[in-house]
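Task: produce atomic coordinates for the following.
(one chain, ligands or ions: 1)
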Amino acid sequence: MPEIVLTQASAHLRHGSNIGQPLTRRDGVLKVTGAARFAADNHPPGMLYAVLAVSSIARGRVTFLDLQAAKAHPGVVEVMTPANKPLLAEDPDAKTNPFIFRLDVLQNDHVRYANQPIAVVIAETLEAATEGATLLFPRYETEAVRIGLEAGESFIPPGVGIGNPAETHQGDVEAGLAVASRRIDATYETAAQYHNAMEPHAIVAAWDGDSLSIDMPSQGLAMALGRVAGLFGIPPESIHIRSPFLGGGFGSKGLISGPQVLGIMAARLVGRPVKLVLRREQMFGPVGHRAPTRQTVRMGSDSDGALTAIDHHTKTASSTFDDFFEPASDISHTLYASPAISTSHEAVRLDTGTPLFMRAPGEATGSIALESAIDEMAEACGMDPLAFRLKNYAEVEPISGKPFSSKALRDCYAQGAERFGWARRPLASRQMRDDAGLLVGWGMGTATFPALMFQGQARAVVRNDGTGIVETGAHDMGQGASTALAQIAADGLGLDLDQVEFRSGTSDLPDAGIAGGSSHTATAGMAIHSAGADVIARLADLATGDERSPLFGAGNAGVIARRGRLFRRDDESRSESYAEILARAGLAEIEGRGNSAADPAAQSSYAMHAHGAVFAEVKIDPELGQIRATRLVGAFAAGRVINPRLVRSQYYGGMIWGISFALHEHAVMDPRSGRPMNPNLGEYHVPVNADVPSLEAILVEEHDSYVNALGIKGVGEIGITGTAGAVANAVWHATGIRIRQFPITLDRLIEPTP
Ligand code: MOS
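Sure thing, here's the model as predicted:
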C-alpha cells in the first residue's frame with residue numbers, strides 16, 4: 001500500500017491500512033436480508049397512496065377526465081389535476097441554470113410526450129388509487145407526433161452534455177482525407193434506451209406545517225434540496241431528504257423527477273403523508289432516457305496505417321421543451337492521434353420526454369461508432385486491430401495537445417490481450433468455428449472516460465474515547481460508495497474501520513456533490529480525506545505545543561497518525577493516543593472540515609481520463625443468426641483502487657451494459673402514437689444471467705499525481721465504453737458482416753442492411 005501524500009492541510013503521511021482492501025459491501029447483509037429500508041419501504045402514520053395517471057398520447061391536450069367516477073371509488077381521497085394542484089413558488093419550466101430539468105407537474109393540460117403525468121389519484125390503499133386512476137378515462141385532442149430522427153428540422157444545439165461546444169475543429173480534416181490512401185465513411189445508429197433501475201423512482205413525502213420530510217432515492221441530495229426549496233418556496237433548512245439506499249440510478253436519479261415532485265404536491269394537497277411509486281411502464285417517459293443517435297464517422301489513414309483525419313458527426317434528439325443532448329462525438333477528442341479531428345452535433349426535437357444523463361452519456365454511444373470505425377479502418381489497412389490502435393496511440397490528448405495526467409492504456413492493451421489470447425486471432429473474418437459449428441469471432445474496443453471531481457464537503461470528528469465520526473451526504477446507488485468512502489474515512493483519521501462511524505445519505509449532512517460522472521469517490525473521498533487531515537492537524541497542534549506531551553516540539557509535520565495514535569516521525573517510540581491528547585486538553589471531541597477543491601493548475605495543464613481495453617468473443621449460429629457473447633476480458637486503468645472487489649464489480653456492471661448496448665436494449669417507439677411499445681422488462685431486454693458470459697476484469701496499476709491527492713479517477717462508467725464496440729467487432733470477425741445498427745439483432749445478420 002503506497003503512502004498517501006496529503007494536501008497542504010497537513011503534511012503528515014498516513015500509513016492507511018483500509019484503502020486498497022477488498023472489503024465486502026458494508027450494507028450487503030442489510031440488503032440480502034431485506035432489512036435495508038428503501039424509500040418505498042417507509043410508511044409514516046396516516047400515509048396515503050398516490051398513483052399517477054399518465055398520458056396515452058404523445059402530443060396534444062387533455063380535454064376530459066372522469067373525476068366523478070374516480071372520486072366516487074371507495075378509498076379514493078382526492079384526485080389532483082391542473083385545476084386543484086397546490087401552487088408552486090417557481091415555474092417548473094423555468095431554467096435558472098443549465099442543470100434544471102424541466103418538469104411535468106400538472107402545470108397545464110398540455111401533453112408533450114407519452115406517459116406524461118396528467119393526474120394523480122390519492123387513496124387509502126394502493127389498490128384503490130390504482131383502480132381510481134383507471135376510472136379517469138381521459139379524452140384528448142391529439143396532434144401529429146414527431147418521432148424518429150427524420151421527424152423534424154434539425155438544428156445545432158448551443159451546447160452538448162454538460163455544456164461542451166457542439167462543434168470542434170482541429171487541423172484540416174478535408175485535407176487529411178484527401179491525402180489518405182485508405183478511407184472509410186460509415187454511419188452507425190444507436191437506439192433510444194431507458195435507465196430501468198431495478199428500484200423505480202419513488203417518494204414518501206410528509207409535510208409538517210412548512211417543514212417537509214422526504215424519503216426518496218437520489219444521486220444528488222443537495223441539488224434535489226435546492227430544487228424542492230425553490231419549487232415550494234421554503235428554506236432548504238426546512239427540508240429533510242433521506243436516501244440511504246438506491247436500487248440503482250444510472251443517471252436518472254441525478255435530478256429530482258417530476259413524479260417525485262408530484263408526490264410532494266399530493267401530500268400538500270391532502271395534508272397527509274403520501275407515497276408515490278412509479279410503475280415500470282411509467283418510467284418510459286418522465287424520468288429521462290438515452291436519446292437515439294445516428295453517427296457518421298469519416299476517417300483516413302496513410303499507407304502505414306497512421307490516421308490522417310477523423311470526422312465524427314452525431315445527429316441526436318431532445319424533447320420539444322428542453323435541451324439535453326447526448327454528446328456522442330466528443331469521444332473522438334481523446335482516443336486516437338490524428339493531425340486533423342473534427343466533431344459536430346445536430347439534433348431534432350421529438351415528442352418524447354427529455355433525455356438525460358444515462359450511464360456514460362456520450363462516451364457510451366460515441367465509443368460504439370468510433371471503435372467500430374477504427375475496426376473498419378484497421379480492416380481497410382489490412383492490420384490487426386490492436387496493432388492499428390497502437391500505431392495511432394495518443395501520447396498527448398489529440399484535441400488539446402495537453403499531456404495526460406497518467407495513461408496506462410498500453411498496459412491495458414497488453415494485459416487484456418495476453419489474458420484473452422488475442423495473439424491467436426486470425427486477421428480475416430469468418431475463420432473460426434467451435435465444435436458445434438457455431439461461427440466464432442474476436443473483437444476489441446478501447447475504453448475511456450474523463451476523470452472528474454466536483455465540489456464536495458465533509459466533516460470529521462475524533463472523540464475522547466478514541467473513536468471517530470465522518471459525515472458527508474454521499475449516495476450509495478449499489479456501487480458500494482458507503483463502503484469505499486468509509487475506507488477513505490478510516491485512513492483519513494488514522495483509525496481502524498470499526499472505530500469510525502461513517503454517516504451519509506441524508507440532505508442535512510455536508511454536500512457530497514452529485515453521484516454522477518464517475519466522480520463520486522474522488523469528490524466525496526477527497527472531502528473526507530481533507531476533513532480527516534484537518535482533525536489530525538488540530539490534534540497534532542494540541543500535542544506538539546504542549547510540554548507534557550511526548551510529541552512536544554515535533555512540529556506539525558513531524559508526526560504521523562496511525563491506529564488512533566500520533567507518533568514522532570523521527571522516533572516512533574514516542575507516541576500518544578488521540579484519547580490522551582483530548583483528555584489532557586479537556587476536550588470531549590475535536591472537529592475538522594474538508595472539501596474536494598481540485599487543483600486549478602493541474603486541471604489546466606493535464607488531460608485527465610481513465611482508460612481500458614475490452615476484448616470480446618461471440619458465437620453466432622450461421623443459419624439462425626443467434627448471437628451469444630461468450631467471453632469478455634476488460635483491462636482498466638483508473639488511478640488508485642480504493643476497494644478492488646467493488647471496483648471489479650463496477651467494471652463487470654459496465655461491461656454487462658456494453659453487452660446490452662451491443663445486443664439487447666432497444667426502446668421501440670410507435671411512430672404513429674409516439675408511445676414506447678415495449679415499456680416493460682419482458683420486452684425491453686436487459687441482460688440476465690444467461691446473456692452474461694464469462695467476464696473478467698483486470699485492474700491495471702496506475703498512479704496519478706495530478707487528478708487529486710488520492711489519485712482517484714473513477715470507475716463507474718468506463719466499463720460500458722469500448723465494450724459494445726468490441727462485441728460488434730467480434731460479430732464482424734465471426735461473420736464478415738458489418739452491422740452498423742445497434743442493438744445487433746439476429747434479423748440484421750440474416751438480412752444485412754446494405
Ligand atoms: Mo451518471 S449517467 O453520471 O449517473
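
Give the buried residues for stretch 689-705.
Within stretch 689-705, the residues scored as buried using 16 or more other Cβ atoms under 10 Å are 693, 695-700, 702, 704. To be clear about C-beta, it is placed using only N, CA and C from the backbone, and glycine gets the same treatment.

If we check the ligand, which of the residues you listed are in contact?
Among the buried residues of stretch 689-705, no residue sits close to the ligand (Cβ under 6 Å from any ligand atom).

Save those residues as a markdown table, and put in distance to I331 and secondary structure too.
A markdown table is the format used below for those (distance: Cβ to Cβ, whole Å; DSSP: H, G, I helix; E, B strand; the rest coil):
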| residue | distance to I331 | secondary structure |
| --- | --- | --- |
| P693 | 25 | coil |
| L695 | 23 | strand |
| E696 | 24 | strand |
| A697 | 21 | strand |
| I698 | 22 | strand |
| L699 | 23 | strand |
| V700 | 20 | coil |
| E702 | 20 | coil |
| D704 | 21 | coil |
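
what's the spacing between the nearest residue in space to S319 that is not next to it in sequence and the ligand?
In space, and not counting its chain neighbours, S319 is closest to T354: 4.1 Å by Cβ to Cβ, 6 or more residues apart in numbering. Relative to the ligand, T354 is positioned 14 Å away (Cβ to the nearest ligand atom, to the nearest Å).

In this protein, which residue sits nearest the ligand?
Proximity of the chain to the ligand (Cβ to the nearest ligand atom) peaks at G251, 2.7 Å away.

Wasn't that residue part of a helix?
No: checked against DSSP: H, G, I helix; E, B strand; the rest coil, G251 lies outside a helix; its state is coil.

Run a quick neighbour tally on the closest residue to it other than its chain neighbours.
Once flanking residues are discounted, G251 sits nearest to F357: 3.7 Å by Cβ to Cβ, 6+ apart. Neighbours of F357 under the rule other Cβ atoms under 10 Å: 27.

Tell me which residues touch F357, please.
Applying Cβ atoms under 8 Å, 6 or more residues apart in numbering to F357 gives the contacts 251-252, 254, 288, 324, 516-517.

Specify the local secondary structure of it.
Going by three-state DSSP: F357 is coil.

how close does it sit to H195?
Using Cβ to Cβ, to the nearest Å, we find F357 at a distance of 9 Å from H195.

anything in contact with each of these two?
By Cβ under 8 Å, 6+ apart, the residues touching both F357 and H195 are 251-252, 288.

okay if I get the residues you listed as JSON lines plus pLDDT and neighbour count?
JSON lines is the format used below for the shared contacts of F357 and H195 (pLDDT from 0 to 100; neighbours: other Cβ atoms under 10 Å):
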{"residue": "G251", "pLDDT": "96", "neighbour count": "24"}
{"residue": "S252", "pLDDT": "97", "neighbour count": "25"}
{"residue": "G288", "pLDDT": "97", "neighbour count": "26"}
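
quick one, helices of the stretch 451-600 of the chain?
481-493, 520-544, 578-585, 600-605 (DSSP state H, counting those that start in this stretch).

and R645, how far is that from G480?
8 Å.

of the two, who's got more company?
Higher neighbour count among R645 and G480: G480, with 25 against 15, using other Cβ under 10 Å.

quick one, what contacts that one?
Counting by Cβ under 8 Å, 6+ apart, the residues that G480 touches are 25, 643, 646, 649-650.

same thing but at 7 Å, please
Contact partners of G480, counting by Cβ atoms under 7 Å, 6 or more residues apart in numbering, are 25, 643, 646, 649.

which one of those is nearest F615?
Set against F615, the nearest of the contacts of G480 by Cβ to Cβ is S649 (19.4 Å).

in the helix or strand where that closest one lies, what's buried?
Assessed by DSSP states H and E, S649 sits inside helix 644-663. In terms of neighbour count (16+ other Cβ under 10 Å), helix 644-663 has its buried residues at 646-663.
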